[in-house]
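# Sequence and predicted model, in that order:
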Amino acid sequence: MSSRSVRDATFDVLREYGLTSLFANPGSTEISLLADLPADLRFVLGLHESSVVGMATGWAIGRGEPALAILHTTAGLGNAVGALATARVNRAPLVVVVGQQDRRHLATEPFLAGKLRGLAGEYPVWVDEPVRAQDVPGAIARAHHEAAAASGPALVIVPMDDWSAEASEADPRAAAGRVVRARRVDPGAVAELADLIGAAERPAIVVGAGTDAPDTWAALVTLAERLGCPVWQESFSSRAGFPQDHPLFAGHLPADRTRLRATLAPYDLVLAVGAPVFRQYPYHPGPFVEPGTRVAMVSADAAEVHRSAAELAVLADPGAVCAELARVVPARDGARPGPFERPAPPEPPPAGEPLRAGHVLAAIAARVPRDAIVIEESPSSRPELLVRLPAREPLGSLSPAMGGLGFALPAATGLRLALPERPVLAIVGDGSSLYGIQALWSAAHYRAGALFVILSNGGYAIMDRLAEQHGGEAPWPAFGVDVAGLARAFGCPARTVSEHAELLEACDEILPGLGGRDEPLLLEVAVAPDETFAP
C-alpha cells in the first residue's frame with residue numbers, strides 16, 4: 001500500500017490541472033485539507049462565501065479556464081448559492097470542493113453534517129459525492145473536465161476524514177488525463193446556414209456572451225462586413241460579443257417583446273450567435289419577431305440551443321462556424337447601416353445641483369483605457385452605461401447575468417489577480433456594493449489594483465422606479481451608508497467625490513494609469529437617483 005494520503009494525491013491533481021490558487025473561507029471541515037498548505041499552492045481568503053465564489057468566477061473568466069473554490073459544508077455552500085448561480089449563467093468554469101463532516105459518523109447526522117447534494121439546486125453542472133476517500137482525486141480531476149465542458153460550477157463533496165486516508169495508487173483514476181475538444185464544424189450545418197443567409201435580403205446578427213473571444217470577434221467582424229449587416233448585442237448579456245466601436249455595431253436589443261419585435265422588424269433573417277433566442281426581462285405577450293422574419297442560431301451551449309425558438313439551431317463552436325460562414329457566403333454590395341450614435345456628454349450640473357450617473361459615466365468613457373475590463377453592477381444606470389461605455393476589446397464588458405447582486409466587487413478582484421496586465425474597473429451602485437463589500441478586504445490584502453466606482457444615490461433607485469411603473473408606493477426607506485468609510489475599514493483606500501470638477505480631476509488622475517495600479521481604490525461618487533428605467 002502507498003504511504004501517500006488522499007490529500008497528497010489531490011494536491012498532485014491540482015498542480016496537474018493548474019488549480020493552484022485556492023479561493024476559500026475556511027471552516028473546520030476543511031482544516032485537514034488546508035493546514036500546512038504546500039508553498040506552491042496559493043490560498044486566497046474571502047471573508048464571505050459569495051466573495052469566494054465571486055473572486056473565483058472573475059479568475060476563471062479572466063484565465064479562460066477552471067478556478068478552484070473551497071466552501072464549508074451547509075453554511076458555506078448555502079451562502080454561496082447565489083454566486084454559483086451567477087457563475088453558471090456567466091459561463092464561468094469552477095471546481096468547487098465542499099467540506100463535509102467525518103464520513104465515519106455521518107449516519108448519525110453530527111454537528112456540521114450537511115445535506116449538500118441538492119442544496120445548490122440545478123445550478124451546478126455536475127455534483128459528486130465520492131463513494132470512497134480514494135476516489136476523491138479522480139472526482140476533482142473529473143470536476144475540472146465537467147466545469148470546462150459545461151462552462152459552470154462542478155461540485156465535489158468531501159468528508160473531512162478523507163484527506164488523511166491512504167491513497168490507492170493501484171486503482172485507475174476515473175478521469176481522463178487530458179480532454180481535447182474538437183472545433184471542426186459540420187459542413188452540412190454551415191451549408192444550411194449559408195443557404196438561409198443567401199436567401200435573405202436584409203439579414204442581421206445578434207451576438208451574446210458566447211462569442212466573447214478574440215478569434216470569434218475576428219470571425220464575426222469578417223462575416224458582418226461581408227454581409228454589410230448590423231450586429232446587435234443581446235439584452236442583459238454577461239459579456240460583449242462584438243467590438244462595440246465597430247461601424248456595424250447597432251446597439252443593445254431591448255428586453256421586452258414589444259420593442260424587440262419593432263427593433264427586428266426591418267430584417268428578414270436574424271442570426272443569433274452565442275446568444276439565446278431571445279433574452280428578455282419584463283413579460284409582454286406575442287412572438288419575439290414579426291411574421292416574415294426567420295431566426296437561426298449558433299451556440300456551444302446545448303441548453304441554450306434546445307430552448308431557443310429558432311427555425312434552425314446549430315450546436316457548435318460559434319467562432320469556427322462564423323469563420324466558415326465568412327469563407328463561403330458571398331460579399332454583398334449596397335448601402336450599409338449607419339454607426340450607432342452615442343449620446344454627447346451631459347452639461348456640468350448647475351451650481352448646487354447634484355451629479356448624475358451620466359456625468360460619471362461620460363467622464364469615465366472619455367478617459368478609460370481601451371483595454372479596460374468594465375464590470376457593471378449598477379442596475380438603474382445600466383442602460384446609460386451601455387450606451388456610453390462601449391466594449392472595444394474582448395472581455396471589455398462583464399455583468400452578473402443572473403441578476404443577483406454582490407458580483408462586481410469580488411469578480412473585479414479575481415479578474416485583476418488573474419490578469420494583472422489588464423485595467424479593471426467596476427461601476428457599482430451603493431446598494432449593490434453592500435452585497436459583496438467583504439471582497440474589498442481581499443482586494444486590499446492581495447493588492448488587486450482594481451478601481452471600484454460607487455454610484456452612491458442613497459437607496460435602491462431601480463426598485464423605486466419599478467414601484468412607480470407598477471403604480472404603487474415603495475415601502476422601503478432610503479438609506480445612507482458611508483461606503484468609502486466601509487472600504488477603509490476593510491483596508492481598501494477610498495475617496496469621495498460630490499462635485500463635477502472633483503470628478504474630472506479624479507478621473508484624470510486615476511484612469512490613465514489604471515493598468516499599472518498595485519493596490520485597489522474605491523471612489524464613491526454622490527449622485528442623484530436615476531429618474532427613469534427602461535431596460
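It's in.

# Please count neighbours and contacts with C-alpha atoms only from this point.
Will do.

# Show me what the biggest helix by length in the chain is packed up against.
In the chain, taking DSSP state H as the definition, the longest helix is helix 73-89. When contacts are defined as 3 or more CA pairs under 8 Å, 6 or more residues apart in numbering; DSSP states H and E, helix 73-89 packs onto helix 49-63, strand 94-100, strand 153-159.

# So which of these is nearest residue 473?
Among those, the nearest to residue 473 by CA to CA is helix 49-63 (31.5 Å).

# in the chain, which residue is closest to the centre?
Centrality entry for the chain: nearest residue to the mean C-alpha point is residue 90, 4.0 Å, by CA atoms, centre = their mean.

# contacting residues for it?
Neighbour list for residue 90: 152, 209, 238, 400-402 [criterion: CA atoms under 8 Å, 6 or more residues apart in numbering].

# ok, now with 10 Å
Residues near residue 90 by CA atoms under 10 Å, 6 or more residues apart in numbering: 57, 61, 84, 151-152, 209-210, 237-239, 398-402.

# likewise residue 457?
Residue 457 sits next to 355-357, 429-431, 478-481, 525-530 when contact means CA under 10 Å, 6+ apart.

# Kindly report the same for residue 442.
Contacts here follow CA under 10 Å, 6+ apart; on that basis residue 442 touches 44-47, 51-52, 55, 409-410, 413-414, 448, 490-492, 520.

# What helix or strand is it located in?
Assigned by DSSP states H and E, residue 442 falls within helix 439-445.

# Quick check: mean pLDDT of that helix?
Averaging pLDDT along helix 439-445 gives 98.

# Convert that helix to PDB, retaining C-alpha atoms only.
Taking C-alpha atoms only, helix 439-445 is exported to PDB below (Å, rounded to 0.1, in the frame of the first residue of the first chain):
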ATOM      1  CA  ALA A 439     -14.400  41.500  -1.100                       C
ATOM      2  CA  LEU A 440     -12.600  44.800  -0.500                       C
ATOM      3  CA  TRP A 441     -10.600  43.200   2.200                       C
ATOM      4  CA  SER A 442      -9.300  40.600  -0.200                       C
ATOM      5  CA  ALA A 443      -8.600  43.200  -2.900                       C
ATOM      6  CA  ALA A 444      -6.500  45.200  -0.400                       C
ATOM      7  CA  HIS A 445      -4.700  42.200   1.100                       C
END
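
# Return the distance of it from the chain's centre.
Distance, stretch centre to chain centre, for helix 439-445: 19 Å (CA atoms, centre = their mean, to the nearest Å).

# And the helix or strand of the chain with the lowest mean pLDDT, what's buried?
When each helix and strand of the chain is scored by mean pLDDT, DSSP states H and E, helix 461-469 comes last, with a mean of 83. For helix 461-469, a neighbour-count test (16 or more other CA atoms under 10 Å) marks 461-462, 464-466 as buried.

# Reformat those residues as TSV; add distance to residue 306.
Below are these laid out as TSV (distance: CA to CA, whole Å):
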residue	distance to residue 306
461	36
462	33
464	36
465	35
466	32
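
# which of the residues you listed lies closest to residue 284?
Using CA to CA, residue 466 comes nearest to residue 284 of the buried residues of helix 461-469, at 15.7 Å.

# Could you check how far the nearest residue to the closest one once chain neighbours are set aside is from residue 37?
Once flanking residues are discounted, residue 466 sits nearest to residue 533: 7.7 Å by CA to CA, 6 or more residues apart in numbering. To residue 37, residue 533 is 49 Å away according to CA to CA, to the nearest Å.

# of those two, who's got more company?
Between residue 533 and residue 37, residue 533 has the larger neighbour count (other CA atoms under 10 Å), namely 18 against 12.

# got the contact list for that one?
379-384, 461-466, 469.

# do the same with residue 493
The contact partners of residue 493, by CA under 10 Å, 6+ apart, come to 440, 444, 484-485, 487, 519-523.

# Go through the residues you listed and give me the one with the most neighbours.
Result: residue 440 is most packed of these (other CA under 10 Å), 31 neighbours.

# my read: that residue touches residue 409, true?
Yes. Contact between residue 440 and residue 409 holds when scored by CA atoms under 10 Å: they sit 6.9 Å apart.

# Which residues are in contact with each of the two?
51, 433, 452.

# Number of residues surrounding the second one?
Just to be clear, that refers to residue 433. Residue 433 has 26 nearby residues by other CA under 10 Å.

# That one reaches residue 378, doesn't it?
Yes. At 9.0 Å, residue 433 and residue 378 qualify as touching, with contact defined as CA under 10 Å.

# Common neighbours of these two, please.
Counting by CA under 10 Å, 6+ apart, the residues touching both residue 433 and residue 378 are 405, 408, 427, 454-456.

# Now go through those and say which are in helices.
Using DSSP H, the shared contacts of residue 433 and residue 378 in helices are residue 408.

# Low-confidence stretches in the stretch 351-500 of the chain?
Counting by pLDDT under 70, the stretch 351-500 of the chain shows no low-confidence range.

# Helices of that one, residue ranges please.
For the stretch 351-500 of the chain, the helices defined by DSSP state H, counting those that start in this stretch occupy 357-365, 382-388, 408-418, 430-433, 439-445, 461-469, 483-489, 500-510.

# which of these is buried the deepest?
Among the helices of the stretch 351-500 of the chain, ranked by average contacts under mean count of other CA atoms under 10 Å, first place goes to helix 408-418 (a mean of 30).

# Return the list of helices and strands in contact with it.
Counting contacts by 3 or more CA pairs under 10 Å, 6 or more residues apart in numbering; DSSP states H and E, helix 408-418 is packed against helix 49-63, strand 373-377, strand 397-398, strand 424-429, helix 430-433, helix 439-445, strand 451-456.

# Could you save the ones you listed as CSV and add columns showing distance to residue 96?
Formatted as CSV, the helices and strands packed on helix 408-418 follow (distance: least, CA to CA, whole Å):
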stretch, distance to residue 96
helix 49-63, 9
strand 373-377, 23
strand 397-398, 22
strand 424-429, 25
helix 430-433, 24
helix 439-445, 19
strand 451-456, 27
